[in-house]
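Participant: build me a model:
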Amino acid sequence: MSLDKVVIIGAGQAGFQVAASLRQAGFQGAVTIVGDEHNIPYQRPPLSKAYLKNLADETSIQLRPDNFYADNRIELIKGDKVEHIDRDARIVVTASGKQLAYDKLAITTGTRPRPLDLPGAGLAGVHALRSFLHAADLRDDIQKYQNITIIGGGFIGLEVAACAAGLGKTVTVLEYAPRLMGRAISIISSDFFKAYHESLGVRIITDARIEQIVGTDRAQGVWLQGGEQISCDLILVGVGAVPNIELAESAGLSCENGILVDEFAVTSDPDIVSAGDCTNHPNPYANGRFRLESVQNAIDQAKVAASSILGNASAYNAAPWFWSDQGDIKLQIVGLPLGTDRLVVRGSIDQKKFSVFHYREDKLIAVESINSAGDHMVARKLITTGTSPTPAKVCDSTVELKSLLAG
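Facilitator: Below you'll find the predicted structure:
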């Protein structure tokens, strides 16, 4: 079969990267991206930080300017949603009735905010944050109102909390778990961030059990079990994300907590690849299958998907890394802290500049760095190469970290 037409469903980071990688590799056939948003593909991380503070706008967050797509002969269909994949005919059908033929198809549909199953969750003033429109609505409300309640103490919730506190707002964070960012970072860093946010004036309530959101036409507060009512003018819900797999499922592709792909980003249909937050893939750093929500994964897996489309398959084996900017604190993580049995701290927690090294059976598996970009860059090399320096060397500040790359 000749390869003349590639269709990409989803215009986020992964979808953009598949298209860009195809062109970078010299593919001369037709490339079409279909996105259900009306925006040119854009970066999502600034939505919870710079955009809310009016330090970024719709244009500045674009992955590439408008002319990039014309210059690279990439057809960009905006504001239209693919509703059906006909795998036998190799055609996708959009909500507007377009029928797009493909030789190879990429599904990069990402995630959507996990809904909150609570009375009052549908009231005006209850926000989610994933898309540009979400961010625009949230920014408008933050500018108008004073009292903000954030449900969920993960990256998104805490980034917005720091932004809002910096704008002089009264902020309360409600976290169901015993600690902040509990699935992502160590208790050491979690305790640090709790103290940091409290120093900004943010009220943190962990082990929070919410009964309902109260209000008439608009949310006015949150009732907790035990009777406390937290009054607020707006609410942000940040309780995780759900992979957008419905289209893939309806096409008969194998799915389980994401679209199942192999190490080459190929789905159960050899003519369909998938990349980004929506995929469940074999990850050597997870010792099994894993679904990653990160810019790094979207970019690196999309490059693998593009190579597979072109018949130049290379296994996905990039070390996972993440970041979160909260106020003047930059958190950077490399690796996956799964099954940690020993933590080692390097640097000074009091000076807000330190790293936490995660070990499992004497193997270094992850490093989280706070305001320590140098540590993070070395840690990425350590994790990528599988180098595990001894805990004694790691915590010795007289030993230069990069000297540990030799083992």
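
Participant: identify the bridge partners of His281.
Facilitator: Phe290 (DSSP bridges).

Participant: measure it to Val304 for me?
Facilitator: His281 sits 9 Å away from Val304, going by CB to CB, to the nearest Å. The way it works is simple: take the backbone N, C-alpha and C, and place the C-beta from them, glycine included.

Participant: tell me, what's touching those two both at once?
Facilitator: Ala265, Tyr316 (CB atoms under 8 Å, 6 or more residues apart in numbering).

Participant: compare these two (neighbour count), which wins?
Facilitator: A count of neighbours by other CB atoms under 10 Å puts Val304 above the other of His281 and Val304, at 26 against 23.

Participant: residue contacts, that one?
Facilitator: Counting by CB under 8 Å, 6+ apart, Val304 has contacts Phe264, Ala265, Ala275, Ala313, Ser314, Ala315, Tyr316.

Participant: minimum pLDDT in these, which residue is that?
Facilitator: Minimum pLDDT for the contacts of Val304 is recorded at Ala313 (89).

Participant: any idea how many residues pack against that residue?
Facilitator: Ala313: 17 neighbours (other CB under 10 Å).

Participant: Ser307 is in contact with that one, correct?
Facilitator: Yes. Counting by CB atoms under 8 Å, Ala313 does reach Ser307; the two are 6.0 Å apart.

Participant: which residues are in contact with each of the two?
Facilitator: Shared contacts of Ala313 and Ser307, defined by CB under 8 Å, 6+ apart, comprise Phe264.

Participant: most surrounded residue in the contacts of Val304?
Facilitator: Neighbour-wise, the contacts of Val304 (other CB under 10 Å) top out at Ala275, 34 neighbours.

Participant: check contacts around that residue.
Facilitator: Contacts of Ala275 by CB under 8 Å, 6+ apart are Ala14, Gln17, Val18, Ala106, Thr108, Val261, Ala265, Ala298, Gln301, Ala302, Val304, Ala305.

Participant: the second one - nearest residue in space that isn't next to it in sequence?
Facilitator: Looking back up the chat, that one is Gln17. Nearest non-adjacent residue to Gln17, counting by CB to CB, 6 or more residues apart in numbering: Ala302, 3.6 Å away.

Participant: assumed the one you found was part of a helix.
Facilitator: Yes. With DSSP: H, G, I helix; E, B strand; the rest coil as the criterion, Ala302 is assigned to a helix.

Participant: what residues are up against it?
Facilitator: Gln13, Ala14, Gly15, Phe16, Gln17, Val18, Ser21, Ala106, Thr108, Ala265, Ala275, Gly276.

Participant: same check, this time on Ser403
Facilitator: Contacts of Ser403 (CB under 8 Å, 6+ apart): none.

Participant: next one: it from Asp396, what distance?
Facilitator: For Ser403, the distance to Asp396 - CB to CB - is 11 Å.

Participant: quick one: Glu159 and Ala50 touch, right?
Facilitator: No. In this structure, Glu159 is not within contact of Ala50 by CB under 8 Å, at 10.2 Å.

Participant: picking up where we left off before, quick check, nearest of the contacts of Val304 to Gly35?
Facilitator: Ala275 (14.7 Å; CB to CB).

Participant: pretty sure Leu22 is touching Val6, no?
Facilitator: Yes. Using CB under 8 Å, Leu22 is in contact with Val6, at 6.3 Å.

Participant: which secondary structure elements does the strand or helix carrying Val378 contact?
Facilitator: Assigned by DSSP states H and E, Val378 belongs to helix 373-385. Using 3 or more CB pairs under 8 Å, 6 or more residues apart in numbering; DSSP states H and E, the elements in contact with helix 373-385 are strand 329-335, strand 353-360, strand 363-370.

Participant: export it to PDB, keeping only CA atoms.
Facilitator: Extracted C-alpha coordinates of helix 373-385, given in PDB (Å, rounded to 0.1, in the frame of the first residue of the first chain):
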ATOM      1  CA  ALA A 373      17.600  23.000  37.600                       C
ATOM      2  CA  GLY A 374      21.200  21.800  37.700                       C
ATOM      3  CA  ASP A 375      20.300  18.800  39.800                       C
ATOM      4  CA  HIS A 376      17.400  18.000  37.500                       C
ATOM      5  CA  MET A 377      19.600  18.000  34.300                       C
ATOM      6  CA  VAL A 378      22.100  15.600  36.000                       C
ATOM      7  CA  ALA A 379      19.200  13.500  37.300                       C
ATOM      8  CA  ARG A 380      17.800  13.100  33.800                       C
ATOM      9  CA  LYS A 381      21.100  11.700  32.700                       C
ATOM     10  CA  LEU A 382      21.300   9.400  35.700                       C
ATOM     11  CA  ILE A 383      17.800   8.000  35.200                       C
ATOM     12  CA  THR A 384      18.300   7.700  31.400                       C
ATOM     13  CA  THR A 385      21.500   5.800  31.700                       C
END
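
Participant: can you point out the buried residues in it?
Facilitator: Asp375, His376, Val378, Ala379, Arg380, Leu382, Ile383 (16 or more other CB atoms under 10 Å).

Participant: can I get those residues in CSV with pLDDT?
Facilitator: What follows is the buried residues of helix 373-385, written out as CSV (pLDDT from 0 to 100):
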residue, pLDDT
Asp375, 97
His376, 98
Val378, 97
Ala379, 97
Arg380, 97
Leu382, 97
Ile383, 97
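
Participant: out of the residues you listed, who's nearest Leu331?
Facilitator: Checking the buried residues of helix 373-385 against Leu331 by CB to CB gives His376 as the nearest, at 9.5 Å.

Participant: my guess is the closest one meets Phe322, correct?
Facilitator: No. At 10.4 Å, His376 does not count as touching Phe322 under the criterion of CB under 8 Å.

Participant: who touches both of those two?
Facilitator: Gln332, Val334.
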